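**Q** structural data only, the sequence is not supplied:
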């Protein structure tokens, strides 16, 4: 005798209903000569989980509200022209994908942060393969999580800070991947505030008016294999903790107030495998503690590392300091930071036992860097014999520089 379990019937009905919602999902085609020629109106007609395919053409629309789970995909980069009237896309639903559109002419405002794409209180979003030009803000994530910003090209024309916005901005967002984007010509290329568990990978941020990357009050974030080049002031990292920055390149950030990276009030971080090349200052450090600086390359900077303000219990190990005007600049006689096993191109010691480690400790802080900190005009004497003499005398008998700031195991060869 066969018994029927009523729960099986209900389970089958639920599965059919669930599958039905996707089986019946519809694809809408939008084109300038089609029945559906407006993105905004087609979104209103669509239902959850539908797909909108936008054919090549120009669509003069702005303030397009995406308030349901949709895939919105362009064919051959259709242009959506906001005509400088306001924002272009505003996403307020979970599970939205924007893919392959060319957005131009975001409205500039002095009271609103208009963006080409704004994502508000939404989860599981995907923004990819977008091209954004003639913008104010590019992609702005607001209180949104579990999403991905992938392979977008954001080109601004920023001239002044007051009337330009950031390329990619995250505000009170978490668990977001930002990868393979190119950001150029904006105020700050990538900007984070109060955003945790963010992964930023393989992006290029260059020629931005202020910072290539700027983040504050954002913890447990990971930055890998990004390039920050020729930005107004470099990269600023402030008031954050548990940060990992690995294998990034900071290059050609020149200017009187420029640096590869500024660290201000950063604690418990790892900065490893990065290249700091041809910056006014490689890393400018202020009030930052318990940071591991491991296997970084500092090449041809004005200052490789400039320490201003209280910085304690930091470790510098396995770094290459190559042909910088100053390797380390320090503004205090106190030091409890550890320098060990670094290569210094200006080290002139010897290695009698051939173990690859210099037999004489290296003192990386030159007296002249102390003088320049206090009297910047003296930089004109940088290559003079007089400065070589006073640096030598300070190495022999430290008076102004920290007595215990030395690398007791300087490497004789560059770390590969």
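**A** Now that the structure is in, tell me what you want to look at. Please read these numbers as outputs of a predicted model, since none were measured by experiment.

**Q** so which residue is dead centre in this protein?
**A** Nearest to the geometric centre of the chain sits residue 213, at 4.1 Å (C-alpha atoms, centre = their mean).

**Q** so which strand or helix has it?
**A** strand 211-216 (DSSP states H and E).

**Q** ok so, going back, touching, the residue nearest to the centre of the chain and residue 186? I think so.
**A** No - in this structure residue 213 lies outside contact range of residue 186 using C-beta atoms under 8 Å: 11.6 Å. Quick note: C-beta positions are derived from backbone N, CA and C, even for glycine.

**Q** roughly how far apart are residue 356 and residue 261?
**A** 29 Å (C-beta to C-beta, to the nearest Å).

**Q** check which element follows the strand holding residue 213 along the chain.
**A** Later in the chain than strand 211-216, the nearest helix or strand by DSSP H and E is strand 222-224.

**Q** and that next one, average pLDDT?
**A** The average pLDDT within strand 222-224 is 98.

**Q** and the strand ranked longest in the chain with strand 211-216, angle?
**A** In the chain, with assignment by DSSP state E, the single longest strand is strand 261-272. Orientation check (axes from the mean of the first three to the mean of the last three C-alpha atoms, to 10 degrees): strand 261-272 against strand 211-216 gives 80 degrees.

**Q** would residue 41 count as being in a strand?
**A** No - Residue 41 is assigned helix when assessed by DSSP: H, G, I helix; E, B strand; the rest coil, not a strand.

**Q** count the residues that sit near it.
**A** Counted with other C-beta atoms under 10 Å, the burial measure for residue 41 works out to 13 neighbours.

**Q** list the buried ones in the strand or helix carrying residue 292?
**A** Per DSSP H and E, residue 292 falls inside strand 289-294. Within strand 289-294, the residues that count as buried by 16 or more other C-beta atoms under 10 Å are 289, 291, 293-294.

**Q** follow-up on the earlier one: just give the closest residue to the residue nearest to the centre of the chain, not the sequence neighbours.
**A** Of all residues not flanking residue 213 in the chain, residue 235 sits nearest, at 4.5 Å (C-beta to C-beta, 6 or more residues apart in numbering).

**Q** try residue 231
**A** residue 212 (3.9 Å).

**Q** next, the contact list for that neighbour, please.
**A** 188-190, 205-206, 228-229, 231, 234-235, 250, 253 (C-beta atoms under 8 Å, 6 or more residues apart in numbering).

**Q** and what of residue 58?
**A** With the criterion set at C-beta under 8 Å, 6+ apart, residue 58 makes contact with 32, 78-79, 81.

**Q** just the buried ones from those residues?
**A** Applying 16+ other C-beta under 10 Å to the contacts of residue 58, the neighbour count classes 78-79, 81 as buried.

**Q** where's residue 146, which helix or strand?
**A** Applying DSSP H and E, one finds residue 146 within strand 145-150.

**Q** show me what that strand is packed up against.
**A** Here strand 145-150 touches strand 126-128, strand 137-142, strand 174-179, going by 3 or more C-beta pairs under 8 Å, 6 or more residues apart in numbering; DSSP states H and E.

**Q** other residues contacting the first one?
**A** So that's strand 126-128. Contact partners of strand 126-128, identified using C-beta under 8 Å, 6+ apart, comprise 96-100, 117, 119, 139, 147-152.

**Q** and those residues, which is closest to residue 196?
**A** Among the contacts of strand 126-128, residue 147 lies closest to residue 196 (C-beta to C-beta), at 14.0 Å.

**Q** near the closest one, how many other residues are there?
**A** Residue 147 has 26 nearby residues by other C-beta under 10 Å.

**Q** beta partners of it?
**A** Here residue 147 sits in beta bridges with residue 176, going by DSSP bridges.

**Q** right, and it touches residue 141 too?
**A** Yes - using C-beta under 8 Å, residue 147 is in contact with residue 141, at 7.1 Å.

**Q** between the two, what contacts are shared?
**A** Common neighbours of residue 147 and residue 141 are listed as 119, 176 (criterion: C-beta under 8 Å, 6+ apart).

**Q** which segments of the chain make up each domain?
**A** Using automatic domain parsing, the domain parsing of the chain gives 24-218, 233-416.

**Q** include mean pLDDT and distance to residue 224 when you put those into JSON lines, please.
**A** Listed next are the domains of the chain as JSON lines, based on pLDDT from 0 to 100; distance: least, C-beta to C-beta, whole Å:
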{"stretch": "domain 24-218", "mean pLDDT": "96", "distance to residue 224": "5"}
{"stretch": "domain 233-416", "mean pLDDT": "86", "distance to residue 224": "5"}
